[in-house]
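# mind looking at a prediction? Sequence and model below.
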Amino acid sequence: MNLPREPDQVITLNMKSIHIWAIVLTLISVFIGTFLMTFLHLESGFSFSLWGFILWAISYILLIFLHEIFHLIGFIVWGKCRRRDLVYGINRELGIAYAGTKKILPVSAMKRALLLPFWVTGLLPFIAGIWLNSAVLMITSAFLIGGAAGDFSMYRQLRRAKKKAFVLDHLHEPVLYVFNEKVDVPY
């Protein structure tokens, strides 16, 4: 990737660690959701069926795509990106869907865009699943909460950057470049 100059900080994500944290977050979320559903409804919303599994799989795939779309929406809303600045797809080597931008963003905009999908595709459906006593919805959203482990990791590392810093997303790898002053991107 052609950078305008040497970045002040490079954030490289450890994908093995993120996959482990994704599993841990998913299991914790399922446990908490199960406990809350049982506590609130005094009965289990769990039942195993082929239809339930198919519904889970379809919901999961749909919410993964929505997760990435909400990243793009965050880039547009807070990063003032245009459609041509956005990149998205599936990285088969890493086993992840991704959304990014070619535009350099203020760190504050990137942090908001990183967490937006967690709130909309993870936490809100999780609460709805518990409230409705829907194990399929609760478990699907628990997987999305776990799937936000990479976003949480990037967010945590961006908290160390200066408040007025700018960040450039690597288009094909889980790497962020942080610049303390605004630079022009060579795209």
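Received it, and whenever you're ready, just let me know what you need. Treat the numbers as computed from the prediction; the structure is a model and nothing was measured. Numbering: from 1, shown residues only.
# now do the strands in the chain.
Using DSSP state E, the strands assigned to the chain run over residues 9-12, 86-91, 96-101, 105-106, 166-169, 175-179.
# for residue 37, which of those strands is the nearest?
Across these, the minimum distance to residue 37, taken as C-beta to C-beta, is reached by strand 96-101, at 28.1 Å. For every residue, glycine as well, the C-beta is placed using N, CA and C.
# now that closest one: buried residues?
96, 97, 98, 99, 100, 101 (16 or more other C-beta atoms under 10 Å).
# partner residues bridging the fourth one?
What it means is residue 99. residue 88 (DSSP bridges).
# between the buried residues of strand 96-101, which is closest to residue 42?
For these, the nearest to residue 42 is residue 97 (37.7 Å; C-beta to C-beta).
# check contacts around that closest one.
64, 65, 67, 68, 88, 89, 90, 91 (C-beta atoms under 8 Å, 6 or more residues apart in numbering).
# apart from its neighbours in sequence, what residue is nearest the last one?
By the measure of C-beta to C-beta, 6 or more residues apart in numbering, the closest residue to residue 91 outside its immediate chain neighbours is residue 98, 5.7 Å from it.
# right, and that neighbour touches residue 72 too?
No. Shown here, residue 98 and residue 72 do not form a contact pair, counting by C-beta atoms under 8 Å, at 10.6 Å.
# find the residues that touch each one of these two.
With C-beta under 8 Å, 6+ apart as the test, residue 98 and residue 72 both reach residue 88.
# residue nearest the centroid of the chain?
residue 148 (3.8 Å; C-alpha atoms, centre = their mean).
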